[in-house]
Every structure is written in structure tokens, then in C-alpha cells.
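*Asks:* predicted coordinates and the sequence they were generated for:
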Amino acid sequence: MTSGRNNYDQALARMRERKWTEALELLALPAILTPAHAHCLVLRAHCWWSLAQRPAALEAASAARDLSPNDPVVLDSVGTLFSLANEQGAALEALDRAVALAPTNPRYRFNRAAIRRFAGDLEGAEADYDFVIARRPVDYEAYLNRAELRIQSAERNHIAELEALIARPIADRRGEVQLRYALAKEYEDIGGYEKSFAHLRAGADLQRAHMRYDVAHDVATVDWIIEAFPKPASAPNEARGNPEDSPIFIVGLPRSGSTLFERILSSHSQIAAAGELNDLALALVETAQSQVGRGNLPRRELVRAAAAVDFAALGRDYLRRARSALGVQDRFIDKMPLNYLYCGIIHRALPNARIIHVTRHPMAAGYAMYKTLFKDGYPFSYDLSDIGRYYVAYRRLMAHWRDYLGDALLEISYEDLIADQAGATRRLLEACGLEWQEGCMRFHLNAAATTTASAAQVRRPLYATSVNQWRHFAAQLEPLRRAYAEAGIAT
């Protein structure tokens with residue numbers, strides 16, 4: 001027993017070091033399992049998931065649940081993994097059971113709220129967040145998540161509660177940032193635009209002050225990519241790539257409406273949504289490093305090496321990773337926004353894949369990113385000057401890819417979708433070689449309210465007024481407009 005405990009602890013240490021295979025070896029199990037092995041199975045499930053082995057991860061998670069159906073700790077961990085795998089029904093079932101077994105535990109309620117939010121049960125999610133906040137008043141992430149669930153109203157909001165919290169000293173810097181973003185969201189919903197932007201600016205400034213980031217490096221990367229992938233005199237040598245047409249890449253900037261486009265396409269019976277996959281970037285880095293013969297390449301050297309990889313092999317590696325994570329062989333959507341950096345590489349590696357570039361009005365795009373507290377990535381989004389410089393570089397790269405790829409790149413705007421949902425949907429389906437299906441029109445327009453494309457909000461109707469929401473903050477966003485104007489970008 002002591003040996004088993006030691007192996008378990010050592011496996012946890014390996015997992016913290018991201019040594020997933022070593023952890024799996026330490027978590028080897030006997031032929032006959034007992035409930036005592038459920039926690040090992042949970043760790044094995046997460047190791048398999050980190051290794052992009054979806055079937056093995058789900059098998060281990062299911063076995064842990066079945067071995068220990070009355071252990072809320074196991075059920076909570078299993079539910080989290082099921083949710084990562086987009087098995088939301090199984091995830092909710094596990095979390096419901098965990099909450100039933102330990103109804104006063106705020107962690108299980110918090111995790112269940114996230115699954116309820118994804119599934120569209122916004123009232124249920126709000127009730128869970130209310131419970132978490134009552135039990136853990138310093139769980140500031142719960143306040144922000146709750147604010148984002150719905151459009152707040154003058155009659156029903158949490159502004160007084162949030163203002164009282166922000167008026168007191170908050171030791172947790174991240175907590176203050178989360179409260180500021182929650183207040184910005186709720187004030188914006190009720191039309192308190194001056195107060196909304198004041199809290200947003202304070203939160204963004206605080207977040208930016210604790211980050212080590214220089215936007216100049218990202219701007220330079222765009223120059224390096226254009227240099228490494230000059231426009232060919234003729235079409236790129238597509239014969240070098242993998243001929244499969246399974247992937248549909250939706251690229252662009254975050255908060256430009258890609259989630260809505262994904263939801264529309266994935267409503268088609270022949271398409272599965274894979275979410276935002278890191279597989280292309282991971283496959284590219286490993287392929288380039290292998291070709292050069294060493295790891296940890298500086299970014300400029302990595303870009304240069306990426307232009308000379310075996311593109312057919314890269315396409316095969318990407319498909320293997322993506323399909324393992326998704327667990328299907330059918331056509332799928334990868335909506336990682338930052339894949340816009342790799343459009344030329346995608347076309348060389350998978351010449352029959354579809355690339356959909358989703359755009360948005362420059363001011364709307366900039367404001368949408370600025371008002372979002374991202375969990376990971378996008379460090380440029382907390383300063384208007386950084387956003388302006390990054391956006392200009394992004395536009396320059398996409399103009400290059402447009403020349404490079406020609407008709408292989410479909411560009412469609414969020415505003416196109418709002419103005420003519422049926423027409424935009426038909427363009428999407430035709431570009432992907434798909435027949436029309438009425439199920440792709442299950443979203444409907446409603447000009448009486450506002451929304452953006454978060455995980456919760458895509459389950460509400462499409463709203464036309466979101467197109468011009470940024471205009472309420474035109475004065476505060478003037479530095480952004482000037483940055484665009486200096487680059488010749490019309491606003």
C-alpha cells in the first residue's frame with residue numbers, strides 16, 4: 001500500500017512536470033480493479049488527455065466513475081475531463097452526482113456552473129454561482145462568470161454588490177481585475193457607459209502592469225512570416241501536401257465572431273466542432289525542430305525552418321493529433337483564431353482543407369478584445385496601443401495571405417452574418433462543399449438586444465446591435481482609431 005501511495009505521489013510530480021508518459025508508467029494498474037484504484041484511473045485519464053489520446057482518456061474516466069460512483073472527488077475530476085472532451089451530457093451527469101453527494105461543496109457547484117453554461121442552462125449556472133459566492137465570497141472569478149451569463153438589466157443586476165466589494169482593499173490582484181471586468185460588463189448592459197469604461201480601463205491597466213510582453217515582437221513575427229513565405233510566382237506546390245479535405249479552419253482575431261460561425265457550420269450533419277485546437281502549432285514546432293536537429297528555436301529561426309518542412313508529413317501529423325483529440329474520422333472544424341498566422345502553411349500541408357477568415361469592423365474587433373479578460377494568451381489585448389499595433393500587423397499578414405492563397409481563402413465578416421444570415425450561411429456551406437441544411441439556420445436575428453459570441457451567448461439569438469456597441473465608447477477608444485488611421489485602415 002505504501003508503495004502504491006509513493007507511486008501515486010511520484011506520478012503527480014511527473015504530471016506537474018508535464019512528463020505524462022512517465023506518470024502513466026507509475027500509475028500501472030492490476031488486472032482486477034477495486035474502488036481504491038479510481039483515483040489512479042482519474043490521473044491516467046488526464047495523462048492520456050494531455051497526450052491527445054482521447055479514447056484512452058475517456059475509457060479511463062468512465063472506468064473511474066463506474067468503480068467509485070459515490071466519491072464526489074472522483075466524479076468532479078471525471079466531469080471536468082468529460083467536459084474538456086465535449087461530452088457535456090456525461091460531464092453534467094457526473095457533476096450533478098457530485099453535488100448531490102456533497103451539496104455544500106462550492107467547488108463542485110463552480111465546476112457544474114461551467115458545464116451548465118456551456119449547455120445553455122444559464123439560470124441553473126447563475127444559481128450555482130450564487131451558491132459559490134455565498135459560500136466563498138472571495139471567489140472573484142465566480143462574480144465575473146456570473147456577470148457574463150446574461151444581459152443584466154436595471155431591475156436585476158449585481159452592481160451594488162460588486163461596487164461594495166471593489167470599495168474594500170483586495171489582496172488578490174487577479175481578484176480585483178475580475179471584479180473590474182464584471183462591473184464593466186454589468187454597467188455596459190444597463191447603459192452606464194462612463195462607469196463601464198472606467199472599470200474596464202482600471203482592470204486592463206492592472207492586468208497589463210503585471211505582464212512581461214512587448215508587442216513589437218509579435219509585429220516583427222509578421223514581417224518574418226511574410227519574408228519566409230513570399231508570394232509564389234504560381235500557385236504553391238500543392239502536390240507536396242496531404243490531400244485530405246477533412247479540416248475546416250476558422251481563423252482571425254479572438255472575439256470576431258468565430259464561435260458563431262463554428263456553431264452554424266457544426267449544425268450541419270456532416271461536420272463536428274473540435275473547438276480551438278493547439279495541434280497545428282504543436283505539430284509545426286515539433287516538425288521544424290526535428291528538421292533543424294535541436295529544440296527551443298528562437299522565433300525567427302522557427303519561422304524560417306517552418307517554410308522548409310515536409311508539408312505532407314506535417315499534414316498527416318496534424319490530422320493524427322486532431323482526430324485523436326476529437327475521436328472522430330469525419331470532417332471537423334478547428335477554430336483556433338491564431339491559426340491565421342499559418343494560413344500559407346495550412347494550404348501547403350493540407351491543400352484541400354477549407355480556410356475561413358472571419359473579420360469584424362476594426363473598432364468593434366478592438367473593443368471586443370479589450371473588454372475580454374482572457375484566461376490564456378492574447379497579452380496584447382489589455383492596452384489600446386498594443387491592440388492597435390497588433391491589429392495593423394494582423395491586417396498586413398492577412399493581406400499577404402490573400403495574395404498568396406487567392407480563392408483558397410474565404411473571407412467573411414461578422415457584419416455579413418448579422419446583415420444577411422441566410423446569405424452568409426450559404427456562402428459558408430458552399431465554400432466547404434456542403435449542401436444546404438435548414439438546421440444551420442437555427443439562430444435568428446433580434447435587433448432589440450445586444451450580444452457577443454461567448455460560450456454562453458452563442459446559445460442566444462444573433463443580435464444586430466452588437467455591431468455598433470463600440471460606438472458608445474468612441475471617445476475612450478480614440479487612441480485605437482488614430483492607430484488605425486495612421487496605418488490607412490478606415491473605421
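*Replies:* Okay, I see it.

*Asks:* where in this structure is pLDDT low?
*Replies:* Counting by pLDDT under 70, the chain has low-confidence residues at 1-4, 233-240, 327-328, 443-465.

*Asks:* quick one: the strands in it?
*Replies:* Per DSSP state E, the chain carries strands over the ranges 247-252, 271-273, 331-334, 354-359, 409-413.

*Asks:* and the shortest one, how far out from the chain's middle?
*Replies:* Pointing back at strand 271-273 there. Centre-to-centre, strand 271-273 and its host chain are 16 Å apart (CA atoms, centre = their mean, to the nearest Å).

*Asks:* mind listing what that strand pairs with, with the direction of each?
*Replies:* As defined by DSSP bridges, the strand partners of strand 271-273 come to strand 331-334 (parallel).

*Asks:* look up how far residue 363 lies from residue 378.
*Replies:* For residue 378, the distance to residue 363 (CB to CB, to the nearest Å) stands at 18 Å. Every residue, glycine included, has its C-beta placed from N, CA and C.

*Asks:* ugh, typo on my part, it should be residue 254
*Replies:* Relative to residue 363, residue 254 is positioned 16 Å away (criterion: CB to CB).

*Asks:* and residue 27, by the same measure?
*Replies:* Using CB to CB, which is the criterion applied here, residue 27 is 51 Å from residue 363.

*Asks:* just give me the longest helix of this structure.
*Replies:* In the chain, taking DSSP state H as the definition, the longest helix is helix 384-405.

*Asks:* could you check the angle strand 409-413 makes with that one?
*Replies:* Angle, helix 384-405 to strand 409-413, by axes from the mean of the first three to the mean of the last three CA atoms, to 10 degrees: 140 degrees.

*Asks:* tell me the domain boundaries of this structure?
*Replies:* Under automatic domain parsing, the residue ranges defining each domain of the chain are 1-136, 139-210, 217-486.

*Asks:* could you dump those domains into a markdown table and include mean neighbour count?
*Replies:* Written out in a markdown table, the entries for the domains of the chain read as follows (neighbours: other CB atoms under 10 Å):
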| stretch | mean neighbour count |
| --- | --- |
| domain 1-136 | 19 |
| domain 139-210 | 18 |
| domain 217-486 | 18 |
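
*Asks:* excluding sequence neighbours, find me the nearest residue to the residue nearest the centre of the chain.
*Replies:* Centre of the chain computed as the mean C-alpha position; nearest residue by CA atoms, centre = their mean is residue 276, 5.2 Å away. The spatially closest residue to residue 276, leaving aside those adjacent along the chain, is residue 336, at 4.4 Å (CB to CB, 6 or more residues apart in numbering).

*Asks:* for residue 437, list the residues it contacts.
*Replies:* With contacts defined as CB atoms under 8 Å, 6 or more residues apart in numbering, residue 437 is in contact with 267, 268, 269, 429.

*Asks:* how close does it get to residue 270?
*Replies:* In this structure, residue 437 and residue 270 are 9 Å apart, going by CB to CB.

*Asks:* with residue 317 instead?
*Replies:* Note on residue 317: its distance to residue 270, by CB to CB, is 24 Å.

*Asks:* where exactly do the helices run in the stretch 251-400 of the chain?
*Replies:* 258-266, 279-292, 299-306, 311-326, 343-349, 362-370, 384-405 (DSSP state H, counting those that start in this stretch).

*Asks:* is it true that residue 56 touches residue 48?
*Replies:* Yes - Residue 56 sits in contact with residue 48 when judged by CB atoms under 8 Å, with a separation of 4.1 Å.

*Asks:* still on that earlier bit, residues touching the residue nearest to the centre of the chain, list them.
*Replies:* Residue 276 makes contact with 334, 335, 336, 337 under the criterion CB under 8 Å, 6+ apart.

*Asks:* closest to residue 159 out of these?
*Replies:* Proximity of those to residue 159, judged by CB to CB, is greatest for residue 337, which lies at 31.2 Å.

*Asks:* for the residue nearest to the closest one when sequence neighbours are not counted, what are its contacts?
*Replies:* Among residues not flanking residue 337 along the chain, residue 254 sits closest, at 4.9 Å (CB to CB, 6+ apart). Applying CB under 8 Å, 6+ apart to residue 254 gives the contacts 337, 369, 372, 374, 378, 381.

*Asks:* let's see it at 10 Å
*Replies:* With contacts defined as CB atoms under 10 Å, 6 or more residues apart in numbering, residue 254 is in contact with 276, 336-338, 365, 368-369, 372, 374, 377-378, 381, 453.

*Asks:* could you pull up phi and psi at the closest residue to residue 37 other than its chain neighbours?
*Replies:* Closest residue to residue 37 apart from its sequence neighbours, by CB to CB, 6+ apart: residue 29 at 5.7 Å. According to degrees, to the nearest 10, the main-chain angles of residue 29 amount to phi -120, psi 150.

*Asks:* cool, the one 3 residues further on as well?
*Replies:* The phi and psi values for residue 32, taken as degrees, to the nearest 10, are phi -110, psi 120.

*Asks:* what's the distance between it and residue 20?
*Replies:* For residue 32, the distance to residue 20 - CB to CB - is 25 Å.

*Asks:* could you do residue 285 as well?
*Replies:* With distances defined as CB to CB, the gap from residue 285 to residue 20 amounts to 17 Å.

*Asks:* so residue 386 sits against residue 218, correct?
*Replies:* Yes - using CB atoms under 10 Å, residue 386 is in contact with residue 218, at 8.9 Å.

*Asks:* spell out which residues are contacts of both of these two.
*Replies:* Taking CB under 10 Å, 6+ apart as the criterion, residue 386 and residue 218 both touch 379, 380.

*Asks:* mind listing the helices for the stretch 1-150 of the chain?
*Replies:* Counting by DSSP H, counting those that start in this stretch, the helices of the stretch 1-150 of the chain are 2-16, 20-26, 38-50, 54-67, 72-84, 88-101, 106-119, 122-135, 140-147.
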